[in-house]
Every structure is written in C-alpha cells, then in structure tokens.
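Asker: sequence first, then the predicted structure, then my questions.
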Amino acid sequence: MRRTGMLLGALIVLLTVWAGAATYMWLKADRHQHAEWNNILHRFNQADIERLNEMVHRHREGKGDYLLLIPPAFDGGYWIHDVHSNGRTITWTIDNTRDGMSSGADKGKQEFICKNIQLRENSERYVYTLEQCAGEGDEILPVFTYRKDSIAENTKKHR
C-alpha cells in the first residue's frame, strides 16, 4: 500500500513537470509566431501604423528590423513593399508587378538602399521618406504615404 502511494506521488510529480514544460514551450512558440505575424502589415489600421513607426524608431537606434507592407489595392493590383534594416542600412524594395494598371517603365521592382528613414507627419497623412540613398545624391525619397482618415476607418473595420 505504501509503495502504491509513493508510485502515485511520483506519477503526479512527473505529470506536473511535464505539463509545466509543455505549457512553457507552447507559450514560447506562440510569442515567436506572433512576432513573425507582426512583420506583415496589410490592414493599415492603428496597430499596423504603430508597427511601421516602431521600425523607423528601431533603425534610428541602430537595431535591425523587417517588414512586408501590402497596402490595399484601389485600381489595379498590389504594390508590395519589402523593407529590411540592419540598423545601419535600410533596403526598401517596391514591387508593382502584380498591378495590372502599371505599365512601361513604371512596372517592375525598384530597390532603394539608404542610410536613413524618416517619418514626416502632417495633419492629413504619414509620409515615410528615405535619405542618403545610393545613387540618389541628397534627394529625399517619399516611398510610402498613408492618409490618417484611412487609418481610422481601417481600425474600426478590423477590431
């Protein structure tokens, strides 16, 4: 009888340890999955804009980041923005090959390799600009613009 009690106690301890380890691994995997999911912006609600602003801030601090921006399509197809930062250089690639309305010299991929990214904000919109870009001299390149009223609409839509 005593032996059965000890065996049962050991089994309970073993199951408790196993359940704790499984819970820890599940939570760790969930955080990792959320972090990767957070790198694809397609709703352009307040959370997406905050994540884009975080990337700008991280680059200023010398920290790397990666985002894939897929803004809503209006007339044609999607313009996909692939943004990589290692904290010193930011590579911003714009791919409009899926847009049926783009044609000629405008259609294709454009890649900008730059030292700096800025957020220029006014009362109506956010404008993300690249500076100190290879082959562009002192030119400031506006690469992404988003209207603030669209953000408010999208935030209500995707709650």
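Answerer: Looks like it came in fine.
Asker: ok, the most centrally placed residue in the chain - contacts?
Answerer: Closest residue to the average C-alpha location of the chain: Asn39 at 2.6 Å, with Cα atoms, centre = their mean. With contacts defined as Cβ atoms under 8 Å, 6 or more residues apart in numbering, Asn39 is in contact with Tyr66, Leu67, Leu68. Every C-beta, even on glycine, is put in place using the N, C-alpha and C of the backbone.
Asker: now, of the residues you listed, which are buried?
Answerer: Leu67 (16 or more other Cβ atoms under 10 Å).
Asker: let me know the next secondary structure element after the helix or strand of the chain with the lowest mean pLDDT.
Answerer: Ranked by mean pLDDT, DSSP states H and E, the weakest helix or strand in the chain is helix 2-37, scoring a mean of 67. Next along the chain after helix 2-37, taking DSSP states H and E as the criterion, comes strand 40-41.
Asker: and the next helix or strand after that next one, what does it pack against?
Answerer: Where DSSP H and E defines the elements, the next helix or strand beyond strand 40-41 is helix 46-60. With contacts taken as 3 or more Cβ pairs under 8 Å, 6 or more residues apart in numbering; DSSP states H and E, helix 46-60 sits against strand 40-41, strand 65-69, strand 80-85, strand 109-121, strand 125-133, helix 148-157.
Asker: export the ones you listed to CSV and tack on distance to Met6 and mean pLDDT?
Answerer: Below are the helices and strands packed on helix 46-60 laid out as CSV (distance: least, Cβ to Cβ, whole Å; pLDDT from 0 to 100):
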stretch, distance to Met6, mean pLDDT
strand 40-41, 53, 92
strand 65-69, 53, 95
strand 80-85, 58, 95
strand 109-121, 64, 95
strand 125-133, 66, 96
helix 148-157, 59, 74
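Asker: for Glu136, see how far away Gly87 is.
Answerer: Between Gly87 and Glu136 the computed distance is 20 Å (Cβ to Cβ, to the nearest Å).
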